[in-house]
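Peer 1: Structure of the sequence below:
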Amino acid sequence: MRDGKLTINEESYGALIVPYAQALPETTVRELLRLAEDGLTVLIMRDYPERIYFKPDSMLLTKLRGQENIYVRTYEDLPEYFRKEVTAGKIEGSFPYLSVMKRKTSAGTLYFFVNESKYKTVRTTFSVGEAEKLLWYDAMENRLFRSCLPEKDGTKGEAGQAQRELILEPYQSLFAFCGQTEEKAGLLAGELFGVQEIYEDPAVLPEPCSETETLAGAFRIYIQNVPEGGRKQLELSFLCNLAVPGLLPEYSGKICYETDFSIDMQEDEGKKKYYLDLGSVYETAEVFVNGSWAGIRICPPYRLDVTGLIHAGKNQLTVTVANTLAKERGNNVFDRAMPQEPTGLLGPVRIIKA
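Peer 2: A predicted model of the protein is given here:
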């Protein structure tokens, strides 16, 4: 214990969560009491234990129930508790599926935001000190950004606080480095992840909006790891779930999608940015535009910056999707009853102008 916090390998923790159990060993209960007496917050899930192993009438349970710094919490209340009690940045609204982790260092504060929902997008703001500078880091891209969104993302909140807009799509995560100066925030990012260059583009790419064009042309679809080698074209020209009966319900491997599309670029659009949104993908996607590599996405949002790769007139798009081994090896006693996700590129595939 150090300053009321549990310290393990130089990492400090302000609370200890104890999963629900009907019975606990005596040594565990005594250690929980000792930690609470030293000032650590102990959160017991659902309810206190009913007994101690081999000591049905132990007075330790009575002491546990009355001990200061030991509380009972429900799993549903836990995210809100930590947002209020532990996390310094104030989150606007309630998002049970938004996890926020914080780490303080001598250079500044690190926040880690994770949207754990499979379907819902988080749209919120969080407040930090008005004088503090913020840098955003996307681990998937290994890039550091000055802003989270395309628009200016700092507005006045409560006295001495600045609100920062935050959007996270399902599965998406972002780091935020907060320091008294941009230099200190950058030093913290460099120390932890080795990144130095700061990009002016926003960390969160624009969502589909009014200036969005859906690629409605036919797709050429191939499976790549056929027994005879090479690839085999499917008798399909549209995007759909390939895991349905009659198509490829037991196929695990790569599927290649090719299509041609045209872009009408006006003379006044020279400064516009172009983004490719793949829609729904199961599971990973590698993208080439006009033969040039655009990037890889392993989870939503399946969106890439393709500015400079596309041009006025005819363009070619190639997307290679890989699913998991669940289709090929899922017919076993453990996985047979598990729900199966789709296979392939489901779309819609769109070009976003911003």
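Peer 1: hang on, R73 packs against I44?
Peer 2: Yes. With the criterion set as C-beta atoms under 8 Å, R73 and I44 qualify as a contacting pair; they are 7.4 Å apart. C-betas here are computed from N, CA, C, even on glycine.
Peer 1: what about those two, which has more around it?
Peer 2: Each of R73 and I44 had its neighbours counted (other C-beta atoms under 10 Å), and the higher figure belongs to I44 (21 against 17).
Peer 1: hang on, the more buried one packs against V18?
Peer 2: Yes. I44 sits in contact with V18 when judged by C-beta under 8 Å, with a separation of 4.8 Å.
Peer 1: Quick one: name whatever helix or strand follows the lowest-mean-pLDDT helix or strand in the chain.
Peer 2: In the chain, the helix or strand scored least confidently by mean pLDDT, DSSP states H and E is strand 154-156, which has a mean of 53. Of the helices and strands lying after strand 154-156 in sequence (DSSP states H and E), the nearest is strand 161-168.
Peer 1: And the contacts of that next one?
Peer 2: Strand 161-168 is contacted from outside by 90, 92, 98, 113-115, 121-130, 132, 134, 148-149, 151, 153-157, 174, 176, 204, 207, using C-beta atoms under 8 Å, 6 or more residues apart in numbering.
Peer 1: One more: stretch 18-32?
Peer 2: In this structure, residues lying in contact with stretch 18-32 by C-beta under 8 Å, 6+ apart are 16, 42-47, 49-55, 58, 60-61, 64, 70.
Peer 1: Filter the residues you listed down to just the buried residues.
Peer 2: Buried members of the contacts of stretch 18-32, scored by 16 or more other C-beta atoms under 10 Å, are 16, 42-44, 49, 52, 60-61, 64, 70.
Peer 1: can I get these in JSON lines with secondary structure, pLDDT and distance to A243?
Peer 2: Written out in JSON lines, the entries for the buried ones among the contacts of stretch 18-32 read as follows (DSSP: H, G, I helix; E, B strand; the rest coil; pLDDT from 0 to 100; distance: C-beta to C-beta, whole Å):
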{"residue": "L16", "secondary structure": "strand", "pLDDT": "94", "distance to A243": "43"}
{"residue": "V42", "secondary structure": "strand", "pLDDT": "95", "distance to A243": "46"}
{"residue": "L43", "secondary structure": "strand", "pLDDT": "95", "distance to A243": "42"}
{"residue": "I44", "secondary structure": "strand", "pLDDT": "95", "distance to A243": "43"}
{"residue": "P49", "secondary structure": "coil", "pLDDT": "93", "distance to A243": "45"}
{"residue": "I52", "secondary structure": "strand", "pLDDT": "92", "distance to A243": "51"}
{"residue": "L60", "secondary structure": "helix", "pLDDT": "89", "distance to A243": "54"}
{"residue": "L61", "secondary structure": "helix", "pLDDT": "90", "distance to A243": "52"}
{"residue": "L64", "secondary structure": "helix", "pLDDT": "93", "distance to A243": "51"}
{"residue": "I70", "secondary structure": "strand", "pLDDT": "95", "distance to A243": "49"}
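Peer 1: Greatest separation within the residues you listed: which pair is it?
Peer 2: Spanning the widest gap among these are L43 and I52, at 19.3 Å by C-beta to C-beta.
Peer 1: All the helices of the stretch 201-350 of the chain, residue numbers only.
Peer 2: Remark: helices assigned in the stretch 201-350 of the chain by DSSP state H, counting those that start in this stretch are 326-329.
Peer 1: same question, the stretch 51-200 of the chain
Peer 2: According to DSSP H, counting those that start in this stretch, the helices that the stretch 51-200 of the chain contains are 60-66, 78-85, 182-193.
Peer 1: what's the closest of those helices to R2?
Peer 2: Of all the helices of the stretch 51-200 of the chain, helix 78-85 sits nearest to R2, with 18.9 Å by C-beta to C-beta.
Peer 1: what's D305 in contact with, if anything?
Peer 2: 201, 205, 273-275.
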